[in-house]
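Trainee: Structure, please.
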Amino acid sequence: MILIDNRNTTNPYFNLAIEEFLIRNLEVGHEDYLFLYINAPCIVLGKNQSIYKEVNFEYLRNGRLQLARRITGGGTVYHDGGNLNFSIISKFEESKINNYKYFNQPVIDVLGRAGVEAGMDGRNNIICQGKKISGSAQFTNRKNIISHGTLLFNANLDVLRSCLKANDFKVETRAVSSVNSSVMNLNETTNRFAAIHSLQDFLTRQLNVNSIHQFSETDWAAIEKLAEEKFKSFAWIYGRSPLTKIEKNDLVIEIEDGLIVSVSGRGEDYSNLKGVQFEYQSIKKALENYPIADDLLARAF
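Mentor: Numbering: from 1, shown residues only. Below you'll find the predicted structure:
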């Protein structure tokens, strides 16, 4: 395998941009590429998910975590310094589509050498002792294919559960929904690794990395542009959310492309909210002179 050097960035937007850049630009031969990275604390949605269905509004309102969206499908996940993300980029072949065993089995085999008895379940997760230690998702442009996962090493599982906890209101959407699973950290099953970087180094050695791919300054500038213009944008993070309807008490809010389509309830006129970004600070600004602002925000969020 060939290891991708991401210059040790923990910026989730950069790392997501690196994945897309590799898929679209890498000339993959007979050797697969391995990308291992750790993100700063963040919530990462699947490409086709509604942020309003997947993320607890306490975290949206307070901006306590960075929000991101990846190019692959699957469910919403939590990343922090205790989560080792692995991506394998391979030359496209029809036989590799949804063939998660091809991509995950080498990682499972390496974990086995460290004394971790892991396997795959029916949803292509990597599991240990019946609990999920990594989810999986794929994307292909029929030139290359990427399959990636999220190895929980010593992640803060309390924050994971809190930020992805269901909200106390009804949400209707045709978006892909996450499937709840019991999770655990790898350090609960082995004391082989003193820290997450020890696991990262072990995977690198055991997966037979024989060279390192380093980005040119031109490529790095293109990745930086992709991170800023796409992956950090409201249009990508919020706007990709399909039509979503939120109902709480007597308040009904419809959102599409991240923008408010309509708000109704209590006989109030909310027409000036149409077209406003459904994001806390945007709504707060739009309601500065509204007497019901605090009430609406409290009930909406």
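Trainee: show me where the stretch 151-300 of the chain has helices.
Mentor: Ranges of helices in the stretch 151-300 of the chain, per DSSP state H, counting those that start in this stretch, are 157-163, 196-206, 217-226, 234-237, 280-286, 293-300.
Trainee: closest one to residue 21 among those?
Mentor: The minimum distance between residue 21 and the helices of the stretch 151-300 of the chain falls on helix 217-226, with 5.0 Å, by Cβ to Cβ. Every C-beta, even on glycine, is put in place using the N, C-alpha and C of the backbone.
Trainee: can you tell me which residue is nearest the centre of the protein?
Mentor: In the chain, the C-alpha nearest the mean C-alpha coordinate belongs to residue 44, at 2.3 Å (Cα atoms, centre = their mean).
Trainee: ok, the residue lying closest to that residue once chain neighbours are set aside - contacts?
Mentor: Sequence neighbours aside, residue 68 is the residue nearest to residue 44 in space, at 4.8 Å (criterion: Cβ to Cβ, 6 or more residues apart in numbering). Counting by Cβ atoms under 8 Å, 6 or more residues apart in numbering, residue 68 touches 12-13, 16, 42-45, 231, 237.
Trainee: Which strand or helix spans residue 68?
Mentor: Residue 68 belongs to strand 66-69 when elements are defined using DSSP states H and E.
Trainee: Could you list which of the contacts of residue 68 belong to strands?
Mentor: 42-45 (DSSP state E).
Trainee: which one among these gets closest to residue 2?
Mentor: residue 44 (24.5 Å).
Trainee: hey, what's that closest one bridged with?
Mentor: residue 68, residue 77 (DSSP bridges).
Trainee: in the stretch 51-200 of the chain, which segments are predicted with low confidence?
Mentor: Scanning the stretch 51-200 of the chain for pLDDT under 70 picks out no residues.
Trainee: can you give me the strands in it?
Mentor: Applying DSSP state E, counting those that start in this stretch to the stretch 51-200 of the chain gives strands spanning 66-69, 77-79, 83-91, 118-120, 126-128, 131-134, 136-140, 144-152, 170-173.
Trainee: Format these as TSV; extra columns: distance to residue 255.
Mentor: Formatted as TSV, the strands of the stretch 51-200 of the chain follow (distance: least, Cβ to Cβ, whole Å):
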stretch	distance to residue 255
strand 66-69	15
strand 77-79	22
strand 83-91	29
strand 118-120	36
strand 126-128	34
strand 131-134	30
strand 136-140	24
strand 144-152	27
strand 170-173	9
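Trainee: tell me the most buried of those strands?
Mentor: Ranked by average neighbour count under the criterion mean count of other Cβ atoms under 10 Å, the strands of the stretch 51-200 of the chain are headed by strand 77-79 at a mean of 26.
Trainee: still on that earlier bit, just the CA atoms from the strand holding residue 68 would do, formatted as PDB, please.
Mentor: C-alpha atoms of strand 66-69 as PDB (Å, rounded to 0.1, in the frame of the first residue of the first chain):
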ATOM      1  CA  GLN A  66     -17.900  21.500  14.000                       C
ATOM      2  CA  LEU A  67     -20.400  20.200  11.500                       C
ATOM      3  CA  ALA A  68     -19.300  18.500   8.300                       C
ATOM      4  CA  ARG A  69     -20.700  16.300   5.500                       C
END
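Trainee: Now do the residue nearest to residue 44 against residue 107, distance only.
Mentor: 23 Å (Cβ to Cβ, to the nearest Å).
Trainee: same question, residue 100
Mentor: 11 Å.
Trainee: out of the two, which sits in the more crowded spot?
Mentor: residue 107 (21 against 18; other Cβ atoms under 10 Å).
Trainee: Contacts only, for the nearest residue to that one once chain neighbours are set aside.
Mentor: Leaving aside its sequence neighbours, residue 107 sits nearest to residue 86 (Cβ to Cβ, 6+ apart; 6.3 Å). Contact analysis of residue 86 by Cβ under 8 Å, 6+ apart lists 34-36, 107, 148-149, 151, 203.
Trainee: Could you do residue 146 as well?
Mentor: With contacts defined as Cβ under 8 Å, 6+ apart, residue 146 is in contact with 19, 22-23, 72, 87-90, 138-140.
Trainee: one more time with 10 Å
Mentor: 19-20, 22-23, 26, 33, 35, 70-72, 87-90, 103, 137-140 (Cβ atoms under 10 Å, 6 or more residues apart in numbering).
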